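[1] what follows is a predicted protein model with its sequence.
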Amino acid sequence: MEKKILPVMGMACAACSANVERKLKSMDGVKSVAVSLPGRTAMVEYDERVVTPKDMKRVIDGAGYLLIIDDETRVDTLERNAYRMLKRRTLLSWLLALLTMSVSMGWVSVGSNDAANQVLLIIALLNMVYCGRQFYANAWRQLVHRSANMDTLVALSTLISFGFSVFNTFWGELFWGSRGITWHTYYDASVMIVTFVLTGRCLEQRAKRSTASAIRSLMGLVPKLAHVVVDDEVHDVPLATVATRDIVEVRQGEKIPVDGTVSTGEGYVDESMITGEPVPVLKQSGSRLLAGTIVSEGTLRFRAEQVGQQTVLAGIIRMVQEAQGSKAPVQRFVDRVALVFVPCVLGVSILTFVLWLAIGGAAVLPQAVLSAVSVLVIACPCAMGLATPTALMVGIGKAAQKGILVKDATAVEQLCCVDALVIDKTGTLTIPNSNVDFRSAADIPLENREQLKPHAAEAIAMLKARGIEVWMMSGDKEEAAAYWAKKAGIAHWQSQCLPQDKENIVRRLQGEGRRVAMVGDGINDSQALALADVSIAMGRGTDVAMDVAQVTLMGDDLRRIADACQLSHNTVGMIRQNLFWAFVYNIVCIPLAAGLPHVFGVDFQITPMWASALMAMSSVSVVMNSLRLKYKK
């Protein structure tokens with residue numbers, strides 16, 4: 001099976017991401033799909049013998065979106081160009097909106113009322129055709145594919161208000177006036193709907209760029225050029241041209257471009273971005289170098305061994321991207337809601353129109369149209385769709401900056417609920433002394449066969465303060481297990497454990513109703529890691545442990561376990577806030593837009609213009625609220 005993260009352009013709301021996901025899942029050979037709306041990506045696991053990215057592109061492009069499958073296409077350039085065009089159209093739409101308000105409010109005189117309406121018709125048509133054309137093109141494509149999204153609601157509401165206004169402009173007095181009914185035009189509503197929605201998307205796009213800042217900062221750790229040595233001469237070449245076995249030179253203050261092994265020279269390298277340890281590490285012949293780390297002293301020449309997407313840093317970036325694109329369980333529920341939300345809104349809008357006519361007859365037709373349009377505009381699946389993924393993107397990105405690599409969004413949702421933690425001893429809680437002859441270990445003091453990791457006791461105390469009970473499992477003898485458990489402040493331990501014993505303790509705690517996290521670093525921990533509710537591996541452990549684990553801690557600082565739990569608590573809290581306000585917004589605003597207060601004798605109506613403003617702000621507020629995670633400890 002192949003797994004790829006493919007950029008998707010053109011998604012505007014939760015219904016869009018749900019449609020893209022549904023289309024991909026329906027294809028033969030596709031095992032799993034997770035589409036991220038704020039990340040604008042689709043993480044697809046598929047059988048390359050049955051389906052290819054070209055097949056996926058044909059289906060998604062045909063549905064009105066753009067799936068990018070070739071590495072040569074610069075997604076960031078496309079996004080910048082799209083954002084620049086969006087800003088340009090938004091600015092022009094505001095100018096047209098101000099002109100519309102000036103004419104409709106009488107600030108600018110154009111003659112008679114009929115002349116004013118005809119001028120407003122031209123302005124509104126220009127605004128819809130140029131500034132808002134994406135809404136109508138996308139809505140038409142959705143209709144062709146028997147689907148609907150936010151663009152459908154915007155297109156319908158503006159077309160209805162514009163069409164009703166055109167009718168009133170030319171036949172209003174003849175049709176309404178002859179019946180003694182006061183009539184109006186709503187060109188300002190059609191213009192302001194487009195303007196506010198464009199403004200909301202503009203602000204949303206800008207805010208979303210902040211949610212992806214962690215990925216951009218990781219990518220920024222790699223230099224654009226490398227100093228490649230050929231026949232003892234140094235040549236500056238683009239990073240993409242560096243090949244394995246090339247000799248690369250890196251100087252003081254420079255970032256190492258690829259992974260490799262030192263061949264000549266000696267110096268110190270700051271590896272804090274990988275290990276979290278602030279002290280520079282001495283590097284000499286035979287030492288391992290990692291891309292993105294910085295030479296703090298000296299000049300080194302090394303042989304390139306892993307380049308491009310094979311470096312450790314590229315793997316970290318890929319893991320963070322996959323985690324940000326994965327879905328927490330709560331998001332799957334929201335996606336199901338989003339798929340039926342737009343059709344439901346269309347139904348509520350029609351029902352609103354019918355009820356107004358049933359209650360008041362033809363005399364309230366303008367009010368019926370106004371209320372139906374307001375319902376179409378104010379309903380917002382975007383806020384619901386953005387509530388979970390934006391918080392996850394910020395939370396997972398912040399975790400990466402702290403040296404906590406999250407592979408699966410499910411771990412973020414589960415970590416805050418953990419109340420029991422099983423931890424391996426050797427290599428996880430303690431650092432063994434590699435210089436000791438273990439054949440004579442019985443005669444060596446325990447403090448000389450290994451040492452407690454720095455801050456380990458503090459980390460255990462932090463976990464206890466969070467109400468987490470800690471169990472230490474060790475294959476070591478009873479004396480050593482008891483000694484190091486007491487030294488770390490752990491009340492429960494077990495010695496002479498086999499891999500099956502570690503799995504059994506996890507299973508037993510789960511049987512007691514506990515949410516269990518397992519922390520390990522070796523192959524012998526992989527069974528327990530796979531079974532635990534949340535699996536955590538040490539970054540210096542084996543590849544098997546890190547492959548199984550949902551979370552990887554870079555370096556040896558065990559305090560990051562408590563940090564991960566706190567970050568999970570903050571992120572899940574933010575998701576709940578976002579979802580609460582998104583649902584409350586729709587529950588409160590849709591009845592107000594439908595004109596429900598009139599039933600109770602209250603003369604209050606959310607007009608289409610204000611409905612569009614509220615809808616735009618609801619999406620922006622969810623993204624901005626999620627960004628607060630960046631500044632929480």
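    Cool, got the structure. Remember, it's a predicted structure, so these values are computed and weren't measured experimentally. Numbering: from 1, shown residues only.

[2] got the contact list for L282?
    Residues in contact with L282, defined by C-beta atoms under 8 Å, 6 or more residues apart in numbering, are E266, G267, Y268. C-beta here means a position set from N, CA and C on the backbone, and glycine is covered the same way.

[3] which of the residues you listed fall within strands?
    E266, G267, Y268 (DSSP state E).

[4] most surrounded residue in those residues?
    G267 (20 neighbours; other C-beta atoms under 10 Å).

[5] packing partners for the longest helix seen in the chain?
    Longest helix in the chain by number of residues (criterion: DSSP state H): helix 559-594. Using 3 or more C-beta pairs under 8 Å, 6 or more residues apart in numbering; DSSP states H and E, the elements in contact with helix 559-594 are helix 329-360, helix 365-378, helix 381-401, strand 404-406, helix 409-415, helix 456-465, strand 551-553, helix 608-627.

[6] and the angle for the third one with helix 608-627?
    Angle between the axes of helix 381-401 and helix 608-627 is 20 degrees (criterion: axes from the mean of the first three to the mean of the last three C-alpha atoms, to 10 degrees).

[7] got the buried residues for helix 381-401?
    Buried residues in helix 381-401, counted by 16 or more other C-beta atoms under 10 Å: 381-400.

[8] what angle do helix 329-360 and that helix make with each other?
    160 degrees.

[9] pLDDT of helix 381-401, averaged?
    Helix 381-401 carries an average pLDDT of 81.

[10] show me the shaky parts of the stretch 351-500 of the chain.
    380-382, 434-444, 448 (pLDDT under 70).

[11] can you rerun that using 80?
    Within the stretch 351-500 of the chain, the segments meeting pLDDT under 80 span 362-363, 380-386, 408, 427, 432-449.

[12] same question, the stretch 151-300 of the chain
    173, 175-184, 200, 203-221, 272-279.

[13] can you tell me how far G200 is from N433?
    60 Å (C-beta to C-beta, to the nearest Å).

[14] ok, the two, which is more surrounded?
    G200 (23 against 13).

[15] which residues does L221 contact?
    K255, M273, A291, G292, L313.

[16] same thing with L370?
    Per C-beta under 8 Å, 6+ apart, neighbours of L370: Y186, Q605, T607, P608.

[17] let's verify the second one: helix, strand, or coil?
    Okay, so that is Q605. coil (DSSP: H, G, I helix; E, B strand; the rest coil).

[18] residues contacting it?
    Contacts of Q605 (C-beta under 8 Å, 6+ apart): Q367, L370, S371, S374, G595, P597, H598.

[19] among these, name the buried ones.
    Q367, L370, S371, S374, G595, H598.

[20] would TSV of those with distance to M11 be doable?
    Output for those, formatted as TSV (distance: C-beta to C-beta, whole Å):
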residue	distance to M11
Q367	35
L370	30
S371	30
S374	25
G595	32
H598	37
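
[21] can you name the two of those residues that sit furthest apart?
    S374 and H598 (12.5 Å; C-beta to C-beta).

[22] hmm, back to that, determine which two of the contacts of L370 are furthest apart.
    Y186 and Q605 (12.5 Å).

[23] all the helices of the stretch 101-250 of the chain, residue numbers only.
    113-126, 133-144, 150-175, 187-211, 213-219 (DSSP state H, counting those that start in this stretch).

[24] looking at these, which is closest to M105?
    Nearest to M105, of the helices of the stretch 101-250 of the chain and by C-beta to C-beta, is helix 187-211 at 8.8 Å.

[25] buried sites along the closest one?
    187-205, 207-208, 210-211.

[26] and if you look at stretch 161-168?
    S161, F162, F164, S165, V166, N168.

[27] the stretch 401-550 of the chain: helices as residue ranges?
    Under DSSP H, counting those that start in this stretch, the stretch 401-550 of the chain gives helices at 409-415, 446-449, 456-465, 478-488, 499-511, 526-531, 543-548.

[28] so which of the ones you listed is nearest T244?
    helix 543-548 (19.4 Å).

[29] against T571, how distant is the spatially most central residue of the chain?
    Per C-alpha atoms, centre = their mean, the C-alpha nearest to the average position across the chain is that of M393, at 3.4 Å. Per C-beta to C-beta, M393 is found 10 Å from T571.

[30] which residue comes closest to E21 once chain neighbours are left out?
    In space, and not counting its chain neighbours, E21 is closest to V35: 4.3 Å by C-beta to C-beta, 6 or more residues apart in numbering.

[31] for that neighbour, give the beta-bridge partners.
    A42 (DSSP bridges).

[32] for it, what are its contacts?
    Per C-beta under 8 Å, 6+ apart, neighbours of V35: V8, M11, S17, A18, V20, E21, L24, T41, A42, M43, G325.

[33] how about those in CSV, adding pLDDT and neighbour count?
    Shown next, in CSV, are these (pLDDT from 0 to 100; neighbours: other C-beta atoms under 10 Å):
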residue, pLDDT, neighbour count
V8, 90, 23
M11, 85, 27
S17, 85, 30
A18, 84, 26
V20, 91, 24
E21, 90, 21
L24, 94, 24
T41, 86, 24
A42, 90, 26
M43, 89, 21
G325, 67, 25
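
[34] of those residues, which belong to strands?
    Going by DSSP E, the strands hold V8, T41, A42, M43 from the contacts of V35.

[35] can you lay out those residues as TSV showing distance to I350?
    TSV is the format used below for the ones in strands among the contacts of V35 (distance: C-beta to C-beta, whole Å):
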residue	distance to I350
V8	31
T41	35
A42	33
M43	37
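
[36] closest one of those to L120?
    For the ones in strands among the contacts of V35, the nearest to L120 is V8 (37.6 Å; C-beta to C-beta).
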